[in-house]
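[1] A predicted structure for the sequence below; I have some questions about it.
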Amino acid sequence: MPSLQTGDKASRTTIISDDMIRLFADLTGDTNPVHLDDAYAATTRFGRRIAHGMIAAGLISATLANDLPGPGTIYLSQTLQFKAPVYPGDTITTTVEVKSARPDKPIVTLGTVCTNQNSVVVLEGEAVVLVNK
């Protein structure tokens, strides 16, 4: 197992595009008009379209798989608390931070957070992953 220490961090930044939102809707079948229809979304509490919350959650997965702990990482669990909407065009920075590593198994617990370009937390939670040896 890689030597992971409490406090180790990794981040990646992604711009949420209209194409991303529409592809996610096609992939998952989640065609809620709050994500896809400008006129409908204008009548909601958000006043405009929002991205699917699970797009931000997917960005956490990408950070875990590619950056920390890295290739071969397997999810065991993930908690999610959606704190603020993500809009098309937002720049989302995903940060994962090692909270603990089991000494007996290659299992690591990480804090997970997504913030927008204004440093507003849009999503936070905790991931437990199996690290590739």
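    Cool, got the structure.
[2] Run through the bridge partners of Q78.
    Beta bridges link Q78 to A127, judged by DSSP bridges.
[3] just checking, it touches G111?
    No - in this structure Q78 lies outside contact range of G111 using CB atoms under 8 Å: 11.4 Å. Every C-beta, even on glycine, is put in place using the N, C-alpha and C of the backbone.
[4] who touches both of these two?
    125-126 (CB atoms under 8 Å, 6 or more residues apart in numbering).
[5] for the longest helix seen in the chain, packing partners?
    Scanning the chain for the longest helix, with DSSP state H as the assignment, gives helix 53-66. Applying 3 or more CB pairs under 8 Å, 6 or more residues apart in numbering; DSSP states H and E, we find helix 53-66 packed against strand 9-15, helix 18-28, strand 74-82, strand 91-101, strand 107-115, strand 121-130.
[6] give me the low-pLDDT residue ranges for this protein?
    1-2, 133 (pLDDT under 70).
[7] what's the residue closest to the geometric middle of it?
    A57 (2.9 Å; CA atoms, centre = their mean).
[8] Now that one. Nearest residue, chain neighbours left out?
    L80 (5.6 Å; CB to CB, 6 or more residues apart in numbering).
[9] Could you pull up the residues touching that neighbour?
    53, 57, 123-125.
[10] ok, now how distant is T79 from G58?
    Per CB to CB, to the nearest Å, T79 is found 15 Å from G58.
[11] What of V96?
    13 Å.
[12] Give me the more crowded residue out of the two.
    V96 (24 against 15; other CB atoms under 10 Å).
[13] burial measure for the residue lying closest to that one once chain neighbours are set aside, as a count.
    Leaving aside its sequence neighbours, V96 sits nearest to L110 (CB to CB, 6+ apart; 4.7 Å). Counted with other CB under 10 Å, residues neighbouring L110 total 27.
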